[in-house]
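[1] Here's a sequence, model it:
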Amino acid sequence: MGGHEHAHGHDHAGHSHGATADSDKRWLAGALAVIVAFLLGEVVVGLIAGSLALLSDAAHMLTDAASIVLALWAIRLAAKPAEGRMTYGWKRAEILSAQANGLTLLGLAAWLTYEAIRRLIDPPEVTGGLVLATALIGIVVNVLASWMISRANRTSLNVEGAYQHILNDLFAFIATAVAGLIIMLTGFARADGIATLIVVVLMVKAGVGLVRASGRIFLEAAPAYLDPIEIGREMAQVDSVVEVHDLHIWEITSGVPSLSAHILVAPGADSQSVRAAVAHMLAEKHHIDHAVLQVDFTDHEECPPDDHDHEPHCAEPHGPVHRKTIATN
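    Have a look, this model is predicted:
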């Protein structure tokens with residue numbers, strides 16, 4: 001290779017992809033069972049009482065159940081091995097699930113805003129006692145379901161998406177219970193619409209957070225907790241490294257950061273040792289276990305001079321070029 005040596009590294013030490021998938025599935029399935037049981041009971045009571053409010057709330061609970069089913073499906077897909085054209089496996093399915101949950105939260109928020117404003121303008125007849133009783137049972141059900149999902153791995157955006165659905169339903173039931181009590185005591189029917197708008201704000205916050213976080217992963221952005229500039233500088237300070245460029249950091253799925261980079265080392269250096277040292281630093285300090293490092297020799301000991309006497313190794317390096325900081329007395 002014209003006097004250059006390539007040393008490719010691909011470290012997988014410490015991978016724990018899907019290590020908690022079985023326990024996640026158990027907790028999510030438990031929460032799903034609790035929610036479906038309550039949902040079916042609510043439909044029965046709603047039909048007997050002729051209450052549209054209870055039936056519409058059951059429809060809202062159905063979206064919670066759907067969010068958990070989606071999360072369980074994504075966990076199952078993500079566990080499939082990498083093969084064929086799916087060289088990363090199906091791990092991004094979890095991010096698709098998270099984004100779908102975020103978008104449905106925003107969609108529900110839009111629908112509830114419309115309904116709340118309509119009820120503020122023309123408040124319907126509301127049976128406060130029935131609303132209060134149902135809301136209190138709903139609080140207990142959602143506290144139990146929220147606790148179950150919180151026991152799963154919430155660093156997974158997929159699980160977090162389902163959790164936010166249930167948590168927002170819990171807030172909705174608390175607000176509904178307060179509204180029901182106010183209606184019972186004062187007859188102020190607009191309390192129902194006001195309580196709904198408070199919940200809408202929380203739903204929008206959670207939905208935007210999920211869409212933004214999943215969007216970062218789809219756009220191959222570096223995780224929020226990793227600074228590419230800082231990491232590039234640290235890589236350049238490793239012994240015998242002269243320059244680091246074409247540095248890319250992204251996430252395959254939430255909690256699984258990956259890195260690739262082109263490293264230039266001084267003539268005569270042991271390229272394999274340098275690669276191993278950089279990979280070790282990345283794993284120990286930044287928990288990046290999935291690193292692909294291309295190592296080449298440069299034809300000068302120090303940083304390339306500013307007047308470009310030496311031909312650059314890459315004509316158009318992607319992103320910033322990181323060079324060793326020369327200590328001065």
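[2] Name the nearest residue to residue 141, ignoring sequence neighbours.
    The shortest distance from residue 141 to any residue that is not its chain neighbour, by CB to CB, 6 or more residues apart in numbering, is 4.4 Å, and that residue is residue 38. All C-beta spots, glycine's among them, are computed from the backbone N, C-alpha and C.
[3] what's the answer for residue 255, then?
    By the measure of CB to CB, 6+ apart, the closest residue to residue 255 outside its immediate chain neighbours is residue 155, 4.9 Å from it.
[4] Report the secondary structure state of that neighbour.
    Here residue 155 is recorded as coil under DSSP: H, G, I helix; E, B strand; the rest coil.
[5] mind listing what's buried in whichever helix or strand the residue nearest to residue 141 is part of?
    With secondary structure defined by DSSP states H and E, residue 38 is part of helix 21-49. Of the residues in helix 21-49, those buried by neighbour count under the rule 16 or more other CB atoms under 10 Å are 21, 24-25, 27-28, 30-32, 34-36, 38-39, 42-43, 45-46.
[6] swap in stretch 200-213?
    If you call a residue buried by 16+ other CB under 10 Å, then stretch 200-213 has these buried ones: 200, 202-204, 206-207, 209-211, 213.
[7] Dump the C-alpha coordinates for it into CSV.
    Below are the C-alpha coordinates for stretch 200-213, written out as CSV (Å, rounded to 0.1, in the frame of the first residue of the first chain):
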residue,chain,number,x,y,z
VAL,A,200,-52.0,18.0,27.0
VAL,A,201,-49.0,20.1,28.0
LEU,A,202,-47.4,17.1,29.7
MET,A,203,-48.2,14.9,26.6
VAL,A,204,-46.6,17.4,24.2
LYS,A,205,-43.5,17.6,26.4
ALA,A,206,-43.1,13.8,26.4
GLY,A,207,-44.0,13.4,22.7
VAL,A,208,-41.5,16.0,21.6
GLY,A,209,-38.8,14.4,23.7
LEU,A,210,-39.3,11.0,22.2
VAL,A,211,-39.5,12.3,18.6
ARG,A,212,-36.3,14.4,19.1
ALA,A,213,-34.4,11.6,20.7
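[8] And for that stretch, what's in contact with it?
    Among residues not part of stretch 200-213, those counted as contacts by CB atoms under 8 Å, 6 or more residues apart in numbering are 98-99, 101-106, 108-109, 112-113, 116, 157, 160-161, 164, 167-168, 171, 254.
[9] circling back: which strands and helices sit next to the helix holding residue 38?
    If you count contacts as 3 or more CB pairs under 8 Å, 6 or more residues apart in numbering; DSSP states H and E, helix 21-49 packs onto helix 52-78, helix 128-150, helix 157-186.
[10] Buried deepest among the ones you listed, which one?
    Per-stretch averages of neighbours, counted by mean count of other CB atoms under 10 Å, single out helix 157-186 among the helices and strands packed on helix 21-49, with a mean of 23.
[11] Let me see the mean pLDDT of it.
    Helix 157-186 carries an average pLDDT of 85.
[12] can you give me the helices for the stretch 201-329 of the chain?
    Ranges of helices within the stretch 201-329 of the chain are 228-236, 271-286, based on DSSP state H, counting those that start in this stretch.
[13] Out of those helices, which is closest to residue 73?
    Closest of these to residue 73 is helix 271-286, at 31.4 Å (criterion: CB to CB).
[14] For that closest one, enumerate the helices and strands it packs against.
    Based on contacts counted as 3+ CB pairs under 8 Å, 6+ apart, the elements that helix 271-286 packs against are strand 7-11, helix 228-236, strand 257-265, strand 290-297.
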